[in-house]
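*Asks:* coords please:
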Amino acid sequence: KDEIGAFEAVTTTVCIIFFRKSHTNKSIKFSIIENIKELFVNTVNVINYSNIKIDSKWLIFFEKNNNDVKIPKSFVPLNVYGKFKRGIATGANDFFSLNKERIVQLKLDEINDVSICLTKSHQIKSSIFTQSNLEYLINTNSNVYIFNPNQISSLSEEAKNYILYGEKLGYHNGYLTRNRKQWFLLEKRNPFPILFSVFSRDGYKIIRNKTNSLSLTCFHGFEPNSLGEKYVDKIFLFLKSELGTKMLCKNRRKYGGNLDKFEPSDLNAIVIPSPEQFDLISEETIVKEMYYLEKTDSISSEMDNFFTNLLNN
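*Replies:* As a prediction, this is how the structure comes out:
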(Lines give C-alpha, C1' and ligand atoms only; values in the text may rest on other atoms or scores of the structure.)
Protein backbone atom coordinates (compact mmCIF):
# COMPACT_ATOMS: atom_id res chain seq x y z
CA LYS A 1 0.00 0.00 0.00
CA ASP A 2 1.35 3.42 -0.94
CA GLU A 3 0.85 6.40 1.41
CA ILE A 4 3.88 8.51 0.47
CA GLY A 5 3.14 9.47 -3.12
CA ALA A 6 4.72 6.86 -5.41
CA PHE A 7 2.20 7.97 -8.03
CA GLU A 8 1.98 11.74 -7.59
CA ALA A 9 -0.91 12.36 -9.98
CA VAL A 10 -3.11 9.71 -8.36
CA THR A 11 -5.32 10.52 -5.38
CA THR A 12 -7.30 7.29 -5.36
CA THR A 13 -6.28 4.24 -3.36
CA VAL A 14 -2.96 2.83 -4.56
CA CYS A 15 -2.31 -0.82 -3.93
CA ILE A 16 0.00 -3.27 -5.73
CA ILE A 17 -0.99 -6.91 -5.52
CA PHE A 18 1.56 -9.69 -6.08
CA PHE A 19 0.26 -13.07 -7.23
CA ARG A 20 2.14 -16.36 -7.04
CA LYS A 21 1.03 -19.54 -8.75
CA SER A 22 1.04 -21.80 -5.74
CA HIS A 23 -1.36 -23.91 -3.70
CA THR A 24 0.82 -23.99 -0.59
CA ASN A 25 0.46 -20.42 0.71
CA LYS A 26 -1.62 -20.23 3.87
CA SER A 27 -1.38 -16.49 4.48
CA ILE A 28 -1.25 -13.03 2.88
CA LYS A 29 1.37 -10.37 3.56
CA PHE A 30 0.23 -6.76 3.97
CA SER A 31 3.02 -4.25 3.38
CA ILE A 32 3.55 -0.50 3.15
CA ILE A 33 5.97 1.32 0.83
CA GLU A 34 8.20 3.34 3.18
CA ASN A 35 10.94 4.52 0.84
CA ILE A 36 10.10 5.67 -2.68
CA LYS A 37 13.62 5.78 -4.14
CA GLU A 38 14.67 2.39 -2.91
CA LEU A 39 11.13 0.98 -3.00
CA PHE A 40 11.65 -0.28 0.52
CA VAL A 41 8.61 -2.27 1.56
CA ASN A 42 7.82 -2.96 5.20
CA THR A 43 5.56 -5.93 5.95
CA VAL A 44 3.26 -4.92 8.79
CA ASN A 45 1.00 -7.97 8.99
CA VAL A 46 0.85 -11.58 7.87
CA ILE A 47 -2.75 -12.78 8.01
CA ASN A 48 -3.98 -16.33 7.65
CA TYR A 49 -6.55 -16.86 4.91
CA SER A 50 -9.06 -18.16 7.45
CA ASN A 51 -9.02 -14.80 9.27
CA ILE A 52 -9.88 -12.76 6.17
CA LYS A 53 -13.46 -12.16 5.14
CA ILE A 54 -14.02 -11.45 1.47
CA ASP A 55 -16.85 -8.98 2.09
CA SER A 56 -14.97 -6.95 4.73
CA LYS A 57 -12.58 -4.05 4.17
CA TRP A 58 -8.94 -5.08 4.50
CA LEU A 59 -7.60 -1.66 5.45
CA ILE A 60 -7.11 -2.66 9.09
CA PHE A 61 -4.54 -5.26 8.04
CA PHE A 62 -2.21 -2.47 6.85
CA GLU A 63 -2.05 -0.99 10.37
CA LYS A 64 0.84 -1.83 12.64
CA ASN A 65 -0.11 -3.37 15.98
CA ASN A 66 -3.68 -3.55 14.79
CA ASN A 67 -6.14 -4.18 17.56
CA ASP A 68 -9.41 -4.66 15.77
CA VAL A 69 -12.40 -3.71 17.90
CA LYS A 70 -14.54 -6.65 18.86
CA ILE A 71 -18.15 -5.70 18.27
CA PRO A 72 -20.39 -6.22 21.32
CA LYS A 73 -23.25 -8.61 20.59
CA SER A 74 -25.61 -6.14 22.25
CA PHE A 75 -24.92 -3.45 19.62
CA VAL A 76 -27.45 -2.97 16.82
CA PRO A 77 -27.14 -1.98 13.14
CA LEU A 78 -27.34 1.74 12.45
CA ASN A 79 -30.45 1.17 10.31
CA VAL A 80 -32.42 0.53 13.51
CA TYR A 81 -32.31 4.32 13.92
CA GLY A 82 -32.17 5.52 10.30
CA LYS A 83 -29.52 5.82 7.59
CA PHE A 84 -26.95 8.11 6.05
CA LYS A 85 -27.64 9.63 2.63
CA ARG A 86 -25.49 11.75 0.36
CA GLY A 87 -26.16 15.47 0.10
CA ILE A 88 -27.78 17.24 -2.83
CA ALA A 89 -25.94 16.85 -6.13
CA THR A 90 -26.55 20.01 -8.19
CA GLY A 91 -24.44 19.16 -11.21
CA ALA A 92 -23.50 22.85 -11.48
CA ASN A 93 -22.47 24.32 -8.13
CA ASP A 94 -21.29 27.57 -9.73
CA PHE A 95 -24.86 28.22 -10.88
CA PHE A 96 -26.85 26.89 -7.93
CA SER A 97 -24.65 28.13 -5.03
CA LEU A 98 -25.47 31.70 -4.01
CA ASN A 99 -24.73 34.21 -1.28
CA LYS A 100 -26.87 36.95 0.22
CA GLU A 101 -25.40 39.69 -1.96
CA ARG A 102 -26.02 37.71 -5.15
CA ILE A 103 -29.64 36.97 -4.16
CA VAL A 104 -30.31 40.67 -3.61
CA GLN A 105 -28.63 41.51 -6.91
CA LEU A 106 -30.80 38.97 -8.77
CA LYS A 107 -33.92 40.02 -6.79
CA LEU A 108 -34.69 36.38 -5.99
CA ASP A 109 -37.30 35.59 -3.35
CA GLU A 110 -35.72 34.00 -0.26
CA ILE A 111 -38.81 31.89 0.45
CA ASN A 112 -39.82 30.61 -2.99
CA ASP A 113 -36.67 30.81 -5.11
CA VAL A 114 -33.81 29.71 -2.84
CA SER A 115 -33.06 27.41 0.11
CA ILE A 116 -30.56 27.65 2.94
CA CYS A 117 -27.82 25.14 2.16
CA LEU A 118 -24.24 24.35 3.23
CA THR A 119 -22.17 24.16 0.06
CA LYS A 120 -18.61 23.62 1.37
CA SER A 121 -17.25 21.49 4.19
CA HIS A 122 -14.96 24.30 5.45
CA GLN A 123 -18.01 26.48 6.21
CA ILE A 124 -18.40 24.56 9.47
CA LYS A 125 -15.56 24.97 11.95
CA SER A 126 -16.94 23.25 15.06
CA SER A 127 -18.85 20.10 15.99
CA ILE A 128 -22.15 21.87 16.64
CA PHE A 129 -23.61 24.11 13.95
CA THR A 130 -26.09 26.60 15.41
CA GLN A 131 -28.38 29.32 14.07
CA SER A 132 -25.87 31.97 15.14
CA ASN A 133 -23.16 30.16 13.12
CA LEU A 134 -25.48 30.19 10.13
CA GLU A 135 -26.29 33.88 10.52
CA TYR A 136 -22.58 34.67 10.64
CA LEU A 137 -22.07 32.86 7.31
CA ILE A 138 -25.02 34.71 5.78
CA ASN A 139 -23.76 38.09 6.99
CA THR A 140 -20.23 37.41 5.70
CA ASN A 141 -21.57 36.57 2.24
CA SER A 142 -20.67 32.90 2.33
CA ASN A 143 -22.45 30.72 -0.23
CA VAL A 144 -25.11 29.25 2.07
CA TYR A 145 -28.02 29.40 -0.36
CA ILE A 146 -28.92 27.34 -3.40
CA PHE A 147 -31.24 28.23 -6.25
CA ASN A 148 -34.14 25.89 -5.53
CA PRO A 149 -37.54 27.14 -6.80
CA ASN A 150 -40.54 25.62 -5.01
CA GLN A 151 -43.08 25.48 -7.80
CA ILE A 152 -42.33 25.37 -11.50
CA SER A 153 -45.90 26.45 -12.26
CA SER A 154 -45.46 29.75 -10.43
CA LEU A 155 -41.86 30.76 -11.13
CA SER A 156 -41.16 34.39 -10.45
CA GLU A 157 -39.92 36.53 -13.31
CA GLU A 158 -36.61 36.88 -11.48
CA ALA A 159 -36.26 33.08 -11.23
CA LYS A 160 -37.11 32.69 -14.93
CA ASN A 161 -34.47 35.27 -15.81
CA TYR A 162 -31.85 33.45 -13.74
CA ILE A 163 -32.72 30.15 -15.44
CA LEU A 164 -32.29 31.80 -18.85
CA TYR A 165 -28.95 33.17 -17.66
CA GLY A 166 -27.89 29.62 -16.70
CA GLU A 167 -28.92 28.27 -20.10
CA LYS A 168 -26.98 31.04 -21.84
CA LEU A 169 -23.87 29.79 -20.03
CA GLY A 170 -24.65 26.16 -20.85
CA TYR A 171 -25.31 24.85 -17.34
CA HIS A 172 -28.33 22.94 -18.62
CA ASN A 173 -26.04 20.72 -20.72
CA GLY A 174 -24.11 19.25 -17.78
CA TYR A 175 -24.16 15.52 -17.08
CA LEU A 176 -26.65 15.72 -14.20
CA THR A 177 -28.63 18.72 -15.36
CA ARG A 178 -29.40 17.42 -18.84
CA ASN A 179 -30.83 14.21 -17.40
CA ARG A 180 -33.50 15.98 -15.32
CA LYS A 181 -37.00 16.70 -16.57
CA GLN A 182 -36.37 20.32 -15.65
CA TRP A 183 -32.63 20.91 -15.43
CA PHE A 184 -32.92 23.54 -12.67
CA LEU A 185 -35.10 21.47 -10.30
CA LEU A 186 -33.04 19.74 -7.60
CA GLU A 187 -33.77 16.53 -5.76
CA LYS A 188 -35.81 16.95 -2.58
CA ARG A 189 -33.99 16.66 0.73
CA ASN A 190 -34.82 17.56 4.32
CA PRO A 191 -32.20 19.09 6.64
CA PHE A 192 -30.06 16.36 8.22
CA PRO A 193 -29.54 16.61 12.01
CA ILE A 194 -26.13 14.93 11.72
CA LEU A 195 -23.64 15.78 8.98
CA PHE A 196 -20.54 13.78 8.07
CA SER A 197 -17.78 15.20 5.88
CA VAL A 198 -17.07 13.00 2.86
CA PHE A 199 -13.29 13.57 2.83
CA SER A 200 -10.98 13.98 5.81
CA ARG A 201 -7.41 13.68 7.04
CA ASP A 202 -6.33 12.70 10.55
CA GLY A 203 -9.78 11.72 11.78
CA TYR A 204 -13.14 12.75 10.45
CA LYS A 205 -15.54 15.66 10.68
CA ILE A 206 -18.99 15.05 12.14
CA ILE A 207 -21.43 17.86 12.93
CA ARG A 208 -24.63 18.18 14.90
CA ASN A 209 -26.72 20.40 12.65
CA LYS A 210 -29.18 22.46 14.71
CA THR A 211 -30.36 24.61 11.81
CA ASN A 212 -32.70 24.18 8.86
CA SER A 213 -29.73 24.06 6.46
CA LEU A 214 -29.71 21.58 3.62
CA SER A 215 -26.32 20.29 2.42
CA LEU A 216 -24.59 19.48 -0.85
CA THR A 217 -22.48 16.40 -1.56
CA CYS A 218 -19.58 17.66 0.55
CA PHE A 219 -21.55 16.09 3.42
CA HIS A 220 -23.41 12.86 3.96
CA GLY A 221 -26.37 13.30 6.27
CA PHE A 222 -28.07 11.04 8.81
CA GLU A 223 -31.81 10.75 8.24
CA PRO A 224 -33.40 9.34 11.41
CA ASN A 225 -36.54 7.24 11.42
CA SER A 226 -39.25 7.68 14.07
CA LEU A 227 -37.16 5.79 16.64
CA GLY A 228 -33.91 7.51 15.66
CA GLU A 229 -35.41 10.97 16.20
CA LYS A 230 -35.40 10.22 19.94
CA TYR A 231 -31.71 9.31 19.93
CA VAL A 232 -30.09 11.82 17.54
CA ASP A 233 -27.94 13.50 20.20
CA LYS A 234 -26.86 10.16 21.68
CA ILE A 235 -25.97 8.74 18.26
CA PHE A 236 -23.99 11.91 17.57
CA LEU A 237 -22.09 11.62 20.86
CA PHE A 238 -21.30 7.97 20.22
CA LEU A 239 -19.88 8.78 16.77
CA LYS A 240 -17.72 11.46 18.44
CA SER A 241 -16.37 9.00 21.01
CA GLU A 242 -13.16 6.98 20.78
CA LEU A 243 -15.14 3.77 20.37
CA GLY A 244 -17.34 5.36 17.70
CA THR A 245 -14.21 6.49 15.86
CA LYS A 246 -12.85 2.95 15.84
CA MET A 247 -16.15 1.57 14.57
CA LEU A 248 -16.23 4.12 11.76
CA CYS A 249 -12.61 3.65 10.78
CA LYS A 250 -13.21 -0.05 10.19
CA ASN A 251 -15.17 0.97 7.09
CA ARG A 252 -13.28 3.97 5.75
CA ARG A 253 -11.67 4.12 2.31
CA LYS A 254 -8.00 5.11 2.34
CA TYR A 255 -6.70 7.23 -0.53
CA GLY A 256 -3.22 8.49 -1.34
CA GLY A 257 -1.75 11.27 0.78
CA ASN A 258 -3.45 9.93 3.93
CA LEU A 259 -6.85 11.03 2.62
CA ASP A 260 -9.89 9.18 3.99
CA LYS A 261 -13.23 8.95 2.24
CA PHE A 262 -16.58 7.65 3.42
CA GLU A 263 -19.54 6.64 1.31
CA PRO A 264 -23.04 6.44 2.83
CA SER A 265 -22.83 2.64 2.60
CA ASP A 266 -19.64 2.71 4.71
CA LEU A 267 -21.36 4.72 7.44
CA ASN A 268 -24.50 2.60 7.30
CA ALA A 269 -22.44 -0.57 7.80
CA ILE A 270 -21.50 0.27 11.39
CA VAL A 271 -23.18 -0.99 14.55
CA ILE A 272 -23.92 1.23 17.55
CA PRO A 273 -25.39 0.90 21.06
CA SER A 274 -28.93 -0.40 21.41
CA PRO A 275 -31.84 1.79 22.56
CA GLU A 276 -31.60 0.12 25.98
CA GLN A 277 -27.94 1.13 26.26
CA PHE A 278 -28.60 4.69 25.07
CA ASP A 279 -31.43 4.93 27.63
CA LEU A 280 -28.81 4.61 30.37
CA ILE A 281 -27.75 8.17 29.49
CA SER A 282 -30.08 10.70 31.13
CA GLU A 283 -31.41 13.75 29.27
CA GLU A 284 -29.72 15.94 31.87
CA THR A 285 -26.39 14.34 30.99
CA ILE A 286 -27.02 14.96 27.31
CA VAL A 287 -27.68 18.67 27.91
CA LYS A 288 -24.47 19.00 29.92
CA GLU A 289 -22.49 17.01 27.36
CA MET A 290 -23.68 19.08 24.41
CA TYR A 291 -22.80 22.26 26.29
CA TYR A 292 -19.34 20.84 27.07
CA LEU A 293 -18.85 19.82 23.43
CA GLU A 294 -19.88 23.26 22.18
CA LYS A 295 -17.24 24.84 24.43
CA THR A 296 -14.39 22.35 23.91
CA ASP A 297 -15.23 20.66 20.58
CA SER A 298 -14.81 17.24 22.20
CA ILE A 299 -16.86 14.97 24.43
CA SER A 300 -16.00 14.58 28.10
CA SER A 301 -13.82 11.73 29.39
CA GLU A 302 -16.83 10.48 31.40
CA MET A 303 -18.93 10.11 28.26
CA ASP A 304 -16.04 8.56 26.38
CA ASN A 305 -15.54 6.03 29.19
CA PHE A 306 -19.24 5.21 29.24
CA PHE A 307 -19.14 4.06 25.63
CA THR A 308 -15.80 2.25 26.05
CA ASN A 309 -17.18 0.32 29.03
CA LEU A 310 -19.96 -1.05 26.82
CA LEU A 311 -17.28 -3.30 25.33
CA ASN A 312 -16.85 -5.05 28.66
CA ASN A 313 -20.44 -4.99 29.89
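*Asks:* Need the single longest helix in this protein, by residues.
*Replies:* helix 283-296 (DSSP state H).
*Asks:* mind listing what's buried in it?
*Replies:* By 16 or more other C-beta atoms under 10 Å, the buried positions in helix 283-296 come out as 285-286, 289-290, 293. The way it works is simple: take the backbone N, C-alpha and C, and place the C-beta from them, glycine included.
*Asks:* gap between that helix and the chain center?
*Replies:* Centroid separation for helix 283-296 versus its chain: 22 Å, with C-alpha atoms, centre = their mean, to the nearest Å.
*Asks:* I'd like the next helix or strand past that helix.
*Replies:* Next in sequence after helix 283-296, counting helices and strands by DSSP states H and E, comes helix 301-309.
*Asks:* Taking helix 283-296 as reference, get the angle to that next one.
*Replies:* For the pair helix 301-309 and helix 283-296, the angle between their directions (axes from the mean of the first three to the mean of the last three C-alpha atoms, to 10 degrees) equals 120 degrees.
*Asks:* For the spatially most central residue of the chain, which three-state class applies?
*Replies:* Using C-alpha atoms, centre = their mean, the residue of the chain that lies closest to the mean C-alpha position is Phe196, 2.9 Å off. Here Phe196 is strand, with the state taken from DSSP: H, G, I helix; E, B strand; the rest coil.
*Asks:* May I have the beta-bridge partners of the closest residue to it other than its chain neighbours?
*Replies:* For Phe196, the nearest residue in space outside its immediate sequence neighbours is His220; the separation is 4.7 Å by C-beta to C-beta, 6 or more residues apart in numbering. Per DSSP bridges, the residues bridged to His220 are Arg86, Phe196.
*Asks:* Wait, His220 touches Arg189, no?
*Replies:* No: in this structure, His220 is not within contact of Arg189 by C-beta atoms under 8 Å, at 11.5 Å.
*Asks:* what do these two both touch?
*Replies:* Taking C-beta atoms under 8 Å, 6 or more residues apart in numbering as the contact criterion, the common neighbours of His220 and Arg189 are 85, 87.
*Asks:* More neighbours: these two, which one.
*Replies:* His220 (26 against 18; other C-beta atoms under 10 Å).
*Asks:* surely Tyr231 meets Tyr81?
*Replies:* Yes: applying C-beta under 8 Å, one finds Tyr231 in contact with Tyr81, separated by 5.8 Å.
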